[in-house]
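Student: mind looking at a prediction? Sequence and model below.
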There are 2 protein chains.
Amino acid sequence: MSAGAASVIPVSLVAAVDIGGTTIKAALVDGDLRVRHTLRRPTPYGADAVLDAVTKVLAELDQLADAPVAAAGVVFPGLVDETARIARFSVNLGWRDLDLADLADRTGRPTAIGHDVRAGALAEWRLGAAKGYQDVAFVPVGTGVSAAFIADGAMVVAGGYAGEIGHLVVEPDGEPCPCGGRGCLETVGSASALARRYSALTGEDVSAALEVLDRMRAGDVVAAQVWNQGVDALADTLATVVTVLAPEVVVIGGGLSGAGPALFDPLRARLGARLTFQRVPTVVAAALGDQAACLGAALLALDHLQTRSGE
Amino acid sequence: MSAGAASVIPVSLVAAVDIGGTTIKAALVDGDLRVRHTLRRPTPYGADAVLDAVTKVLAELDQLADAPVAAAGVVFPGLVDETARIARFSVNLGWRDLDLADLADRTGRPTAIGHDVRAGALAEWRLGAAKGYQDVAFVPVGTGVSAAFIADGAMVVAGGYAGEIGHLVVEPDGEPCPCGGRGCLETVGSASALARRYSALTGEDVSAALEVLDRMRAGDVVAAQVWNQGVDALADTLATVVTVLAPEVVVIGGGLSGAGPALFDPLRARLGARLTFQRVPTVVAAALGDQAACLGAALLALDHLQTRSGE
């Protein structure tokens, strides 16, 4: 599409697709970043099935649209190199080195690709809790823990390998981690680890970290121990991130960010206690909830159109 | 200076000044990055004394020059925000928030400012061991340990606070560190820590890490223990840096980089053993030795001139 052709059709709508481990979240978003429609579909397994599902979701969004859908933004989980347009690895969805160079041909429109965590970070940075900062760490704490960094006002990609803070070691002799390591943050401080560790210690089945929190509030000593170990592990890890990259703001996302002061008060205090001369960051909850990655996909689509029209 | 005026005087020489804790290293460098003259002068204490010394060194270099010295690059130790032109903090030289906005007036020529470690990283990246990479960690191991990072082809500054890896905790119950923490890498894995720990354990005074290495080679069990703990601490720290930022190459500089295979063989092996899914970096010795920061200062001066002539 030439710049001339692009100017005939004003950017009215873009399609945003966030491929999650279990659910594909999609949205129609307008140029003012208003969400017009949303869709959720189950994520199938395997590269071809996922790409077919993306094409189908985009066709459904086209049906819902009252204006041309000028571009798409699709964000992938796992290891993604959006610069090279390759989804390197997803253990949950079963691909390795998935080449996305021809995704625009499949979708029939200009298509930006991205990484779910960095897309979430982009949305929190442009629209949410990290607005106005130049140095940002976005840390979703859910089933796993990962991070995306903005340094000096630029997203850090590093071939798609940056930000794997869920696998920083917080207990050198701790539990085995599926990554092959031992005592990784994800085995102690992720939302799923909190639930799993409580269940293992008590024999009582809890399925969510916030249930551990409820029990702690009701006076359960084991729940308090598990919660505190998780917060300590997160504080240790954030101290490491601060020492290495010095973010001005740390935005906690994911399921655990809904815990409120029970998480944020001790996390801020313990992080502060671990820092001596380093720049102390503001630690805040994400503002966009589970919409962040999908909004980030919309931003990538809009940026992609702008870049193309400027070519 | 207008672009027209700049074009009258071709860039023939720049002056480079590296302000160290004990020595100011200065050089005249030509546009092909050949070092024409070098000077070393003791570093005085205090902001005014240091800035006077810089002016004097530049005047000495002017005397040595056989062509106009078109610009200067001056790099400072400690915490430096070169973007804001502020030297934030030097414990050794005794300043805090030293405003360098008017340095060009003092020196009478366009003057770039920088940070010694990032300047060294810039030189190793453009001219030395990290040439051709986009994601780089430069890690000088000497009296202290610090790092400068290049991510996606851009130097990370983060207000001057990034890269303080000497204060990542490697032994949670370890020795107190002057920073106020405990068990920081600098207390175990810096060149000075190796010498100090050996002396403390044996009561025998050694002044340099390479002397500990000599004793290890001669069969000294305590020397081997201290050396191995140091290498372990460095490997732990590099594993952290790799997990957070995924450099393609780690360039080890500073005094310890002269240790050769006795350092690099176990360091590579132990780093490799700590990584599971992460991108494994090449680990190499710095190529430019103690010239790196001064060459980096020359590169900053040349870049500064180029930016100005393009304004």
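Tutor: Cool, the structure landed. For clarity, every value in this text was computed on a predicted model and none was experimentally measured.
Student: neighbours around residue A:300, how many?
Tutor: Residue A:300 is flanked by 27 other residues according to other Cβ atoms under 10 Å in any protein chain shown. For every residue, glycine as well, the C-beta is placed using N, CA and C.
Student: actually, residue A:293.
Tutor: Neighbours of residue A:293 (other Cβ under 10 Å): 29.
Student: for residue A:62, same thing?
Tutor: Count around residue A:62 with other Cβ under 10 Å applied: 15.
Student: was I right to think it contacts residue A:56?
Tutor: No - taking Cβ atoms under 8 Å as the definition, residue A:62 is not a contact partner of residue A:56, at 10.6 Å.
Student: for chain B, what are the nearby residues on the stretch 201-311 of chain A?
Tutor: Residues of the stretch 201-311 of chain A that fall close to chain B, judged by Cβ under 8 Å from any Cβ of the partner chain: A:236, A:239-241, A:243-248, A:274, A:276-279.
Student: go ahead and flag the most central residue of chain A.
Tutor: residue A:117 (2.7 Å; Cα atoms, centre = their mean).
Student: distance of residue A:163 from residue A:171?
Tutor: 21 Å (Cβ to Cβ, to the nearest Å).
Student: between those two, tell me which one has more neighbours.
Tutor: residue A:163 (25 against 16).
Student: would you double-check that the more buried one falls in a helix?
Tutor: No - read with DSSP: H, G, I helix; E, B strand; the rest coil, residue A:163 is coil and lies in no helix.
Student: pull the contacting residues for the closest residue to it other than its chain neighbours.
Tutor: Spatial nearest neighbour of residue A:163, chain neighbours left out: residue A:147 (4.1 Å); criterion: Cβ to Cβ, 6 or more residues apart in numbering or on different chains. Residues counted as contacts of residue A:147 (Cβ atoms under 8 Å, 6 or more residues apart in numbering or on different chains) are A:117, A:137, A:138, A:139, A:140, A:163, A:164, A:165, A:241, B:244.
Student: domains in chain A, as residue ranges please.
Tutor: Using automatic domain parsing, the domain parsing of chain A gives A:3-115+A:290-309, A:129-286.
Student: what's the most buried one of those domains?
Tutor: domain A:129-286 (a mean of 20; mean count of other Cβ atoms under 10 Å in any protein chain shown).
Student: and that one, end to end?
Tutor: Its first and final residues considered, domain A:129-286 spans 6 Å by Cα to Cα, to the nearest Å.
Student: just give me how far that domain sits from the chain centre.
Tutor: Between the centre of domain A:129-286 and the centre of its chain there are 14 Å (Cα atoms, centre = their mean, to the nearest Å).
Student: quick one: the strands in chain A?
Tutor: A:13-19, A:23-30, A:35-42, A:69-76, A:79-81, A:86-90, A:95-99, A:111-115, A:136-140, A:148-151, A:154-155, A:249-253, A:282-285 (DSSP state E).
Student: still on that earlier bit, mind putting the domains of chain A in TSV, mean pLDDT included?
Tutor: Below are the domains of chain A laid out as TSV (pLDDT from 0 to 100):
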stretch	mean pLDDT
domain A:3-115+A:290-309	91
domain A:129-286	97
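Student: could I get those domains as CSV with distance to residue B:221?
Tutor: Shown next, in CSV, are those (distance: least, Cβ to Cβ, whole Å):
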stretch, distance to residue B:221
domain A:3-115+A:290-309, 43
domain A:129-286, 24
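Student: so which of those domains is nearest residue B:266?
Tutor: domain A:129-286 (18.3 Å; Cβ to Cβ).
Student: my read: residue A:47 touches residue A:94, true?
Tutor: Yes - here residue A:47 reaches residue A:94: they are 7.1 Å apart, a contact under Cβ under 8 Å.
Student: contacts only, for residue A:53.
Tutor: Residue A:53 neighbours (Cβ under 8 Å, 6+ apart): A:24, A:41, A:43, A:44.
Student: how close does residue A:248 get to residue A:282?
Tutor: 7 Å.
Student: now do the contacts for residue A:197.
Tutor: Taking Cβ under 8 Å, 6+ apart as the test, what residue A:197 contacts is A:188, A:226, A:229, A:230.
Student: I'd guessed the second one sits against residue A:212; true?
Tutor: Yes - Residue A:226 is in contact with residue A:212 according to Cβ under 8 Å; the separation is 5.9 Å.
Student: where do the contact lists of these two overlap?
Tutor: In contact with both residue A:226 and residue A:212: A:194, A:198, using Cβ under 8 Å, 6+ apart.
Student: okay, residue A:58 and residue A:87: tell me how far apart.
Tutor: Distance from residue A:58 to residue A:87, by Cβ to Cβ: 17 Å.
Student: convert stretch A:95-105 to CSV, retaining C-alpha atoms only.
Tutor: Extracted in CSV, the C-alpha atoms of stretch A:95-105 (Å, rounded to 0.1, in the frame of the first residue of the first chain):
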residue,chain,number,x,y,z
TRP,A,95,5.9,-24.2,18.4
ARG,A,96,9.6,-23.4,17.8
ASP,A,97,10.9,-20.7,15.4
LEU,A,98,7.5,-19.9,13.9
ASP,A,99,8.2,-17.6,11.0
LEU,A,100,5.6,-14.8,11.0
ALA,A,101,7.0,-12.9,7.9
ASP,A,102,3.9,-13.7,5.9
LEU,A,103,1.3,-13.0,8.6
ALA,A,104,0.0,-10.0,6.6
ASP,A,105,-0.7,-12.2,3.6
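Student: and that stretch, how far out from the chain middle?
Tutor: Distance, centroid of stretch A:95-105 to centroid of chain: 20 Å (Cα atoms, centre = their mean).
Student: what's in contact with it?
Tutor: Against stretch A:95-105 from outside (Cβ under 8 Å, 6+ apart): A:46-47, A:50-51, A:74, A:76, A:78, A:85-89, A:110-111, A:113.
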